[in-house]
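Asker: sequence and predicted structure below; questions after.
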Amino acid sequence: QVQLVESGGGLVQAGGSLRLSCAASGRTFSKYYMGWFRQAPGKERAFVAAISRSGGNAYYVESVKGRFTISRDNAKNTVYLQMNSLKPEDTAVYYCAADDTPRYTPPSTSGYEYDYWGQGTQVTVSS
């Protein structure tokens, strides 16, 4: 069983930055594909970014490319999401997720292939 705990959310003005962290329990963090998802009020959960086990490959939804950066520190069992140039439409609860299934391709952006989820952290961007 893996526990994921997100932190770093908050209220920020448009154009500002936040850095989200997700700390994972356990000793096999480097075996997990990690992802970030978000859910805005009244909307379905949506993929934001994912990173491979080694951190060598990263994937982003088009709307955050060039503004968000996903990274990981396997020694600290932590994945990060650096969010710059934030927009009001980035307002959502952000969740990290872990996929522990060995695979050659990234987990589906729908999220159904991720095995573990955190509780979420609120990000609010004011205009």
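Answerer: Here it is on my side, so go on.
Asker: residues touching the closest residue to residue 9 other than its chain neighbours, list them.
Answerer: Leaving aside its sequence neighbours, residue 9 sits nearest to residue 121 (C-beta to C-beta, 6 or more residues apart in numbering; 3.4 Å). In this view, the C-beta of every residue, glycine as well, is placed from N, C-alpha and C. The contact partners of residue 121, by C-beta atoms under 8 Å, 6 or more residues apart in numbering, come to 6, 7, 8, 9, 20, 93, 94.
Asker: and these, which of them are in helices?
Answerer: Residues of the contacts of residue 121 located in helices (DSSP state H): none.
Asker: now the buried members of those residues.
Answerer: For the contacts of residue 121, a burial check counting by 16 or more other C-beta atoms under 10 Å picks out 6, 8, 9, 20, 93, 94.
Asker: return the subset of those residues lying in strands.
Answerer: The strands, defined by DSSP state E, take in 6, 20, 93, 94 from the buried ones among the contacts of residue 121.
Asker: three-state assignment of residue 11?
Answerer: Secondary structure, DSSP: H, G, I helix; E, B strand; the rest coil: residue 11 is strand.
Asker: does it have beta-bridge partners, and which?
Answerer: Legend: beta-bridge partners of residue 11 under DSSP bridges are residue 124.
Asker: any idea how far residue 67 lies from residue 83?
Answerer: Applying C-beta to C-beta, to the nearest Å, the value for residue 67 to residue 83 is 7 Å.
Asker: and those two? Which one has more around it.
Answerer: Set residue 67 next to residue 83 and count neighbours by other C-beta atoms under 10 Å: residue 83 wins out with 26 against 15.
Asker: so how far is residue 115 from that one?
Answerer: To residue 115, residue 83 is 25 Å away according to C-beta to C-beta.
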